[in-house]
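Visitor: pasting the sequence and the predicted model now:
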2 protein chains.
Amino acid sequence: MRQRRSVTIRDVASEAQVAVATASRALSGRSEVSDETRKRVERAAKKLGYVPNQSARSLRAASTRIIGVVVPSMANPIYELYLRGAAHEAVAHGYSIFICDAEYDPALYRTHLRTLLEHRVDGVIIGEVIQAPSLLVPFLRAGIPVDPSEAARRGAQLPQLVRGTEAFKAAYTHLLSLGHERIAYARLTRPGIAMQRVGSDARMAWLQEAAAEAGLPDDAVVPVEFVPGEETSDRLLRLLSSGDRPTALVVTAPLLQPVLVAIHETGLEIPRDLSLLMVGDASWARAVRPPIASVSSDMYEEGMRALRRMVGRIQGDADLEAEGAPQPARFLPRGSLGPVVRLPGRVAPGAPQKTTRAASKQGPKQTGKKQK
Amino acid sequence: MRQRRSVTIRDVASEAQVAVATASRALSGRSEVSDETRKRVERAAKKLGYVPNQSARSLRAASTRIIGVVVPSMANPIYELYLRGAAHEAVAHGYSIFICDAEYDPALYRTHLRTLLEHRVDGVIIGEVIQAPSLLVPFLRAGIPVDPSEAARRGAQLPQLVRGTEAFKAAYTHLLSLGHERIAYARLTRPGIAMQRVGSDARMAWLQEAAAEAGLPDDAVVPVEFVPGEETSDRLLRLLSSGDRPTALVVTAPLLQPVLVAIHETGLEIPRDLSLLMVGDASWARAVRPPIASVSSDMYEEGMRALRRMVGRIQGDADLEAEGAPQPARFLPRGSLGPVVRLPGRVAPGAPQKTTRAASKQGPKQTGKKQK
DNA sequence: ATGAAAGCGCTAACAA
DNA sequence: TTGTTAGCGCTTTCAT
């Protein structure tokens, strides 16, 4: 049953009574071989159950048809979608992808990049600019393309997964127009090697700017930072149950789940007691009630695009590369955003004034059309 | 900047003024080399930026230290967790994993298995028994272990990801004890090649048995089947809004999201109008309100275990293989299960009798302790 | 159209 | 301890 030595092209050749070179040509179809011979070789290959050895092929061809995709964390719903998109698109182009989960761990990041280098992948997708560009030098030296490219790093538009100033400004303006004057901005702060904070900082800065423009004091925006693994912290619970708790919360996608749990535990109701805006995408964002408003592009789509432009770069196909251009984020207002309910004053239509958990459910039925 | 030809061990050897074999020995550390030489070689390697070529190594060693993991769908929350667990554990053992998403597509399944075969992976994890075992024959012939093994297929315990009769019986008994007399069982029916239906069928059969034992009629359990991609079907909506709609719904994990959306659209409230039980695990199952009861083992953990026992098999380490034994599912009762509210009769404490969506929120505050 | 042979980068056997 | 050499399986000259 088990045969240690596997069937090689040599075996096929001798079975078909031809030279190995002929067998190779017949099977790869890249060269002229007589129909007669081709059939004989194919029959022999099938009979013996021949399966070409990729290691040998790669060694010879100096190309693996593998694209490495390193994500900061597969647990981050953004990257979960991103990976699926990339995986799907890869097959369409005849590539395999090598998925690496860095688990927000700099050491693991290094390990994975090294592995990809040893495997001589044809390209590497890292999604966003990382803080330690020196890790990418070996790839550049070996002529292995990296996405986003080093060139992009110096461009005007910072290569981030969730990008696009307009959408953020629209979302924040909307939030402020609902009367929120105390807004928490919760995000993961990843250690050393990982993503550039500059992107995340910019997204938060825009909120601060918008708040300032609206005449709110400096402390209107409250940054709350979590270290990966610490997401289930009591800090969030304390923030949400404190006297001067925020009336709106902006969370990055990986924090959505722990934040929702914390909100449930404090008994707050969305959006009556707290408005929620997510930065980024999650496959299940529409499965919770009310559906969560977000600023994001479609991350599955972005994964596909990243792969497409990588294939374009590898194959020197500028059109394909252009087809893979990333899309800007959009603001998707949904039921999780609502007006501030002030203690004595006017309240949202239909919402009661009781402070603890209470009866009414404010409008989660109309599924999120822009309600500005 | 870009150098086409990458640095080989030959270059290192000549830089260090030794033979290639010596350089190899010095770098791999598997053989005796003088300290002096080792240092020289290491220095040379670092100076030149040498990175060993895995293709060459694999070709030589007839081992890739890669384990292939093929999942029916990465969109299925069970496998999302499973993959993350496997990916995490792989690193600990010095293996890489090759993740393949079959997207419930038989053709893609074939393609991926073929690719793994060509790459001569050291082992393949497919999670559950597949319907087309003939696809695995090439692996067996090549001596590449597959998990679950062919042997397991013939064993008493069917190798399924969610396994364990007791947990299911406990869950179903609980459900029936809450007074449910019409229970829908919603699941995906995958095309040809994919998972054995036998497991899914058994799990449903247990529900039917339990119903029969409880004296309910044959049609107490309503099977509802979905084809992947059709999840958001109107069928579910019709079922949920019909006059004799079920009072309880059992769903497999990949259907949880579309089912929740459908439930929201019909305005039904969980668990007052409908009890919900999930078969399988999802990372976000606790993020929705009320939290979803489930029958499952920890799928992240199961992914780790699968990888562990595969490494055990590859390395002939029976202890490690035993450590990776799968765990049976457990019943996790949570807030999504509640008693049937009969129209005129007695109702759950605190719940009103209004039929459409209404005010009260029934007990989602105490986060799902066993309420039997 | 086919065959012979070189060589991709590495490791292991054998020699020295 | 170190060097020489063969060969893993494949593709691709170059020759016929």
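Guide: Okay, I see it.
Visitor: burial count for A:D11?
Guide: By other CB atoms under 10 Å in any protein chain shown, 18 other residues sit near A:D11. Where C-beta positions appear, they are placed from N, C-alpha and C, glycine not excepted.
Visitor: residue contacts, it?
Guide: Counting by CB atoms under 8 Å, 6 or more residues apart in numbering or on different chains, A:D11 touches A:48, A:50.
Visitor: ok, and the closest non-adjacent residue to A:V20?
Guide: Computed as CB to CB, 6 or more residues apart in numbering or on different chains, the closest residue to A:V20 that is not its neighbour in sequence is A:A13, at 4.5 Å.
Visitor: nope, A:A253 is what I meant
Guide: A:G280 (3.2 Å).
Visitor: quick check: the one you found touching A:Y79?
Guide: No - at 9.6 Å, A:G280 does not count as touching A:Y79 under the criterion of CB atoms under 8 Å.
Visitor: ok, the two, which is more surrounded?
Guide: Set A:G280 next to A:Y79 and count neighbours by other CB under 10 Å: A:Y79 wins out with 27 against 24.
Visitor: for the helix or strand that contains the more buried one, packing partners?
Guide: Using DSSP states H and E, A:Y79 sits within helix A:77-92. Applying 3 or more CB pairs under 8 Å, 6 or more residues apart in numbering or on different chains; DSSP states H and E, one finds that helix A:77-92 contacts strand A:66-71, strand A:96-101, helix A:253-266, helix A:299-314, strand B:96-101.
Visitor: what's the closest of the ones you listed to A:L175?
Guide: helix A:253-266 (15.9 Å; CB to CB).
Visitor: flag every buried residue along that closest one.
Guide: Residues A:253-264, A:266 are the ones in helix A:253-266 that count as buried (16 or more other CB atoms under 10 Å in any protein chain shown).
Visitor: what's the answer for stretch A:132-141, then?
Guide: Result for stretch A:132-141 [16+ other CB under 10 Å]: buried residues A:135-136, A:138-139.
Visitor: near chain B too, which of those?
Guide: A:P138 (CB under 8 Å from any CB of the partner chain).
Visitor: closest to DNA strand C out of the buried residues of stretch A:132-141?
Guide: A:P138 (13.4 Å; CB to the nearest atom of the strand).
Visitor: report the contact partners of A:L207.
Guide: A:L207 touches A:168, A:172, A:183, A:185, A:221, A:250, counting by CB under 8 Å, 6+ apart.
Visitor: are we agreed that it is in a strand?
Guide: No - secondary structure of A:L207 (DSSP: H, G, I helix; E, B strand; the rest coil): helix, not part of a strand.
Visitor: distance-wise, check it relative to A:F168.
Guide: 8 Å (CB to CB, to the nearest Å).
Visitor: distance of the residue nearest the centre of chain A from A:A306?
Guide: Of all residues in chain A, the one closest to the mean position by CA atoms, centre = their mean is A:Y79, 2.9 Å from it. Taking CB to CB as the measure, A:Y79 falls 11 Å from A:A306.
Visitor: list residues touching both of the two?
Guide: Counting by CB under 8 Å, 6+ apart, the residues touching both A:Y79 and A:A306 are A:G127.
Visitor: and the residue nearest to A:A87 when sequence neighbours are not counted, how many neighbours does it have?
Guide: Among residues not flanking A:A87 along the chain, B:D101 sits closest, at 4.7 Å (CB to CB, 6+ apart). If you count neighbours by other CB under 10 Å, B:D101 ends up with 27.
Visitor: near DNA strand C at all, stretch A:108-125?
Guide: No - Stretch A:108-125 stays clear of DNA strand C (CB under 7 Å from any atom of the strand), getting no nearer than 8.5 Å.
Visitor: buried stuff in that stretch?
Guide: Those would be A:108-109, A:111-113, A:115-117, A:119-125, for stretch A:108-125 by 16+ other CB under 10 Å.
Visitor: that one - what's its average pLDDT?
Guide: Stretch A:108-125 shows a mean pLDDT of 97.
Visitor: what about it, near chain B?
Guide: Yes - with CB under 8 Å from any CB as the measure, stretch A:108-125 is seen reaching chain B through A:108, A:111, A:114-115, A:117-120.
Visitor: now, which of the residues you listed lie within helices?
Guide: The helices, defined by DSSP state H, take in A:108, A:111, A:114-115, A:117-118 from the residues of stretch A:108-125 next to chain B.
Visitor: and the one helix or strand A:T37 maps to, what's its mean pLDDT?
Guide: Here A:T37 sits within helix A:35-48, counting by DSSP H and E. Computed over helix A:35-48, the mean pLDDT rounds to 96.
Visitor: right, and the helix or strand after that helix?
Guide: Next element after helix A:35-48 (DSSP H and E): helix A:54-61.
Visitor: okay, the angle between that following helix and strand A:66-71?
Guide: If you take axes from the mean of the first three to the mean of the last three CA atoms, to 10 degrees, helix A:54-61 sits at 110 degrees to strand A:66-71.
Visitor: can you tell me the SS state at the nearest residue to A:P223 once chain neighbours are set aside?
Guide: Once flanking residues are discounted, A:P223 sits nearest to A:Y185: 5.2 Å by CB to CB, 6+ apart. Per three-state DSSP, the local secondary structure of A:Y185 is strand.
Visitor: quick one, what contacts A:Y185?
Guide: Contacts of A:Y185 (CB under 8 Å, 6+ apart): A:204, A:207, A:221-224, A:250.
Visitor: residues in contact with the residue lying closest to A:T232 once chain neighbours are set aside?
Guide: Among residues not flanking A:T232 along the chain, A:P258 sits closest, at 5.4 Å (CB to CB, 6+ apart). Listed by CB under 8 Å, 6+ apart, the contact partners of A:P258 are A:231-232, A:236.
Visitor: quick one: which of these sit in helices?
Guide: In helices, defined here by DSSP H, the members of those are A:L236.
Visitor: and of the contacts of A:P258, the nearest to DNA strand D?
Guide: A:E231 (47.2 Å).
Visitor: wait, doesn't the closest one sit right on A:P254?
Guide: Yes - under the criterion of CB under 8 Å, A:E231 makes contact with A:P254 at 7.5 Å.
Visitor: what do the two both touch?
Guide: By CB under 8 Å, 6+ apart, the residues touching both A:E231 and A:P254 are A:L188.
Visitor: circling back: ok, of the contacts of A:Y185, which come out buried?
Guide: Using 16+ other CB under 10 Å as the threshold, A:204, A:207, A:221, A:224, A:250 are the buried ones among those.
Visitor: can I take it that the fourth one is in a helix?
Guide: The reference is to A:V224. No - using three-state DSSP, the assignment for A:V224 is strand, not a helix.
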